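# Build me a model:
(one chain, ligands or ions: 2)
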Amino acid sequence: MAPLSTITPIEYLKGVGPSRAEVLKAELGIHTFGDLLRHYPFRYIDRTQFHKIRQLHPDMPAAQVIGRLVHVEEIGERKGKRLVGHFKDDTGTMELVWFQSIGWLKKSLQVGAAYIIYGKPNVFNNQLSITHPEMEVYHPGAKNTGNMRLQPVYSSTEKLKKFALDSRGIQKLQAALLESIAHQFKEELPEYILHNHGLIPLPKALVAIHFPSDQHELIQAIRRLKFDELFLIQLKLLKNKLLNTHKFKGHRFDVVGDRFNAFYNEQLPFTLTNAQKRVVKEIRRDTASGAQLNRLVQGDVGSGKTVVALMSMLLAVDNGFQACLMAPTEILAQQHYHSIKKLLGGGIASVQLLTGSTPKKDRKVIHAQLEEGTLNILVGTHALIEDAVRFKNLGFVVIDEQHRFGVEQRAKLWRKNSTPPHMLVMTATPIPRTLAMTLYGDLDISVIDELPAGRKPIKTLHLYESSRLRMFGFMKEEIAKGRQVYIVYPLIKESEKMDLLYLEAGLETLTKEFPLPQYRISIVHGKMPVKDKEFEMQRFIKAETQIMVATTVIEVGVDVPNASVMVIENAERFGLSQLHQLRGRVGRGAEQSYCILMSSSKLGKDSKLRLETMVRTNDGFEIAEVDLQLRGPGDIAGTQQSGVLDLKLADLATDQALLTEARNSVINIFKDDPRLANPENTLLREYLTRSEPGISWEKIS
Ligand code: ADP
Ligand code: MG
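Numbering: from 1, shown residues only. Ligands and ions are numbered 1, 2, ... in the order given. Modelled structure (predicted):
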């Protein structure tokens, strides 16, 4: 047999065997020695810290006590049956309680002996206790000389416990594993990187993460292993970026021409913010460079991303190319189409809309115009990526709200011209810096961090059901001033039927409270035919109705500057970024706008924090950070597919500094040695090749 190593199947580990191997695979995805090695402890019991019984408190997560087991008795009947031990030190007495394995415990517990016990203190009926404590017989002198000061705790499952693979069981396997292969662990990073970043060697870190000799060593081990995770992601991303810029020649936009200038000088109804100007400049610089542009534009809701997109597309048209803008939903595509037409005001460039519901006849015309090159700008949904859509000369692609599109869809747009078009990605809401660096680290990032002048910050209130009448009264005041109001209901797939019922019930109350002919209400929800939706939207846009009742369909689109109130029903059921996105539908005109969050009074901790955050701040970047802390990166829309967020130790919510350090390090490495050809970088080259076989280094020059 081959010598044991990290790729050895787990059944060959001493103490595992075929049946335990099966459960380890099924329950934890552990197939090899290496997989087990990377099953890190999720916490450590500090075996150096002891408490006296009198110091114990139910707020403590866990405590360790030395004492004597003075008495054991079995009490209760059937389901209430339990074993209770009386445990005593020189400060007091407490109970140890067991509900399981009673028969076995009665035999093995040594009444009268001294024990070290560990567990979570509780108080029940004024009686201090620990349920199912971990315990071992106390040998005087062992207290500080024991070889394990920080005992690792591993996640396990009920099923694994049946195979004696609880935390202790896994701990034993880790010990066996380290004994058999730790001597083969090798360093994977060059010496100079360890030196520059103050990292301990990998072999040492891998041992210490499981069995740290003290707190200091543990902290160093965790830091080293987190650094590796973040560093490798950045190495891959930045290598891709390097490959892109060298491999893909881009269309060179040499001129800023008539259309761009006509739009900017004669048509633009407002002055660009400095942030918008800066981003347009960045895009101009990229498109003049001869390499393909790959840029992410981040900006808060209402920061004016559309006009930046439009000006970029005009730049393309001025240079003899076509441009397209792809949006994730029909409504949003329509919205973009209308606002672009309005901004252009007729003459400057030709624009068409193509979505799933474009009639065949119109579609044919559009296809023909695209191939002839008479159509300059095409706006649409994913209908744009169908094979039948062929451009004469596509030079610039804008993708709005990227996280709803798969990477594959992005790639299809690339292939619509022999030289790939420039790619500008715009996000709907800001994403936290760390997430942007990890998810979009291969793109250049522009941030529009400024709202158009004259916007009044939206005032946000959180109200309970008991204030509903007050809320209606407020709506009436605003409507009397000529303003319009959105009321949004959640519509969540899993509870769709119930949600529609709520919506109906809400509507009934509303129509009584806001009767015709004085008040008119539009209704839009996802279950309606597109034509009806469009009709209702138009009525609201033209101010024929004052109230728009909707489900989240309006989340990503609509721009009605006269709407000044956004009421969100059952606000506790929305995610933070969704709430922020919805709120961004108001505050677009010169008037003071309001967002009213209606919720039930029974709120969980997270819902409360979400609503508090909304009331506290209008800053989308700040909100995104809270969202990341609450949900973790894996749950933030669209990140699951990214495949780069498989982090075991690093946490994008808290490890920002380390991530920045790793990224800067990689940037410098590639600056000096893009092909990693220097001997000192050989390890990095191997490291990267191992994780991504088939890299073509020749392409990097
Ligand atoms: P978002 O970034 O959310 O996509 P939009 O592009 O939809 O924002 O812009 C929001 C609104 O602000 C639109 O009505 C747009 O015309 C307007 N707007 C954009 N830029 C400016 C500006 N510099 N000054 C004033 N209004 C602007
Ligand atoms: Mg937008």
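# Flag every residue of the stretch 351-500 of the chain that's near ligand 1.
Residues of the stretch 351-500 of the chain lying close to ligand 1 (C-beta under 6 Å from any ligand atom) are residue 452. From N, CA and C alone the C-beta is placed, and that goes for glycine too.
# ah, wrong one, I meant the chain
270, 272-273, 276, 299, 301-307, 452, 559, 588.
# least confident pick among those residues?
Ranked by pLDDT, the residues of the chain next to ligand 1 bottom out at residue 559, which scores 76.
# Strands of the stretch 151-300 of the chain, residue ranges please.
Shown for the stretch 151-300 of the chain, the strands assigned by DSSP state E, counting those that start in this stretch span residues 294-299.
# what residues are up against the residue in the stretch 401-550 of the chain positioned nearest to ligand 1?
Residue nearest to ligand 1 within the stretch 401-550 of the chain (C-beta to the nearest ligand atom): residue 452, separated by 3.2 Å. Listed by C-beta atoms under 8 Å, 6 or more residues apart in numbering, the contact set of residue 452 reads 270, 273, 302-304.
# Which segments of the protein make up each domain?
Residue ranges of the domains in the chain are recorded as 1-45+152-184, 48-147, 187-247+654-701, 258-448, 459-617, according to automatic domain parsing.
# Now the shortest one: average pLDDT?
By that I understand domain 1-45+152-184. When the per-residue pLDDT values of domain 1-45+152-184 are averaged, the result is 92.
# Tell me where the model's unsure across the stretch 401-550 of the chain.
By pLDDT under 70, the low-scoring segments of the stretch 401-550 of the chain are 402-411.
# The same query, at a cut-off of 80, please.
When residues are selected by pLDDT under 80, those of the stretch 401-550 of the chain lie in 401-417, 428-429, 438-441, 492-495, 500, 526-527, 530.
# For it, which segments are assigned as strands?
Along the stretch 401-550 of the chain, counting by DSSP E, counting those that start in this stretch, strands occupy 422-426, 444-448, 459-464, 484-488, 521-524, 547-550.
# any residues touching the longest one, and which ones?
Outside strand 459-464, the residues that touch it by C-beta under 8 Å, 6+ apart are 470-471, 571, 583, 592-601, 611-612, 614-615, 618.
# that older thread, in JSON lines, list the domains of the chain along with mean neighbour count.
Listed next are these as JSON lines, based on neighbours: other C-beta atoms under 10 Å:
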{"stretch": "domain 1-45+152-184", "mean neighbour count": "16"}
{"stretch": "domain 48-147", "mean neighbour count": "14"}
{"stretch": "domain 187-247+654-701", "mean neighbour count": "17"}
{"stretch": "domain 258-448", "mean neighbour count": "19"}
{"stretch": "domain 459-617", "mean neighbour count": "17"}
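# would a markdown table of those with distance to residue 630 be doable?
Rendered in a markdown table, the data for the domains of the chain read as follows (distance: least, C-beta to C-beta, whole Å):
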| stretch | distance to residue 630 |
| --- | --- |
| domain 1-45+152-184 | 19 |
| domain 48-147 | 21 |
| domain 187-247+654-701 | 13 |
| domain 258-448 | 12 |
| domain 459-617 | 6 |
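# In helices, which of the residues of the chain next to ligand 1 appear?
Judged by DSSP state H, these include 276, 305-307 as members of helices.
# Any chance of the strands of the stretch 401-550 of the chain in a markdown table with distance to residue 155 as columns?
Listed next are the strands of the stretch 401-550 of the chain as a markdown table, based on distance: least, C-beta to C-beta, whole Å:
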| stretch | distance to residue 155 |
| --- | --- |
| strand 422-426 | 36 |
| strand 444-448 | 35 |
| strand 459-464 | 36 |
| strand 484-488 | 39 |
| strand 521-524 | 45 |
| strand 547-550 | 42 |
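# Out of the ones you listed, which gets nearest to residue 79?
When the strands of the stretch 401-550 of the chain are ranked by proximity to residue 79, the top entry is strand 459-464, at 39.9 Å, counting by C-beta to C-beta.
# CA-only coordinates of the closest one in CSV, if you can.
Coordinates of each C-alpha in strand 459-464 appear next as CSV, following Å, rounded to 0.1, in the frame of the first residue of the first chain:
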residue,chain,number,x,y,z
LYS,A,459,-37.1,59.4,7.1
THR,A,460,-37.7,55.9,8.2
LEU,A,461,-40.2,54.9,10.9
HIS,A,462,-41.0,51.5,12.5
LEU,A,463,-44.6,51.1,13.5
TYR,A,464,-46.6,48.3,15.0
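# centre of the chain versus that strand, how much separation?
In this view, strand 459-464 has its centroid 26 Å away from the chain centroid, taken as C-alpha atoms, centre = their mean, to the nearest Å.
# Pairing partners for that strand, with directions?
When pairs are called by DSSP bridges, strand 459-464 turns out to pair with strand 594-599 (parallel).
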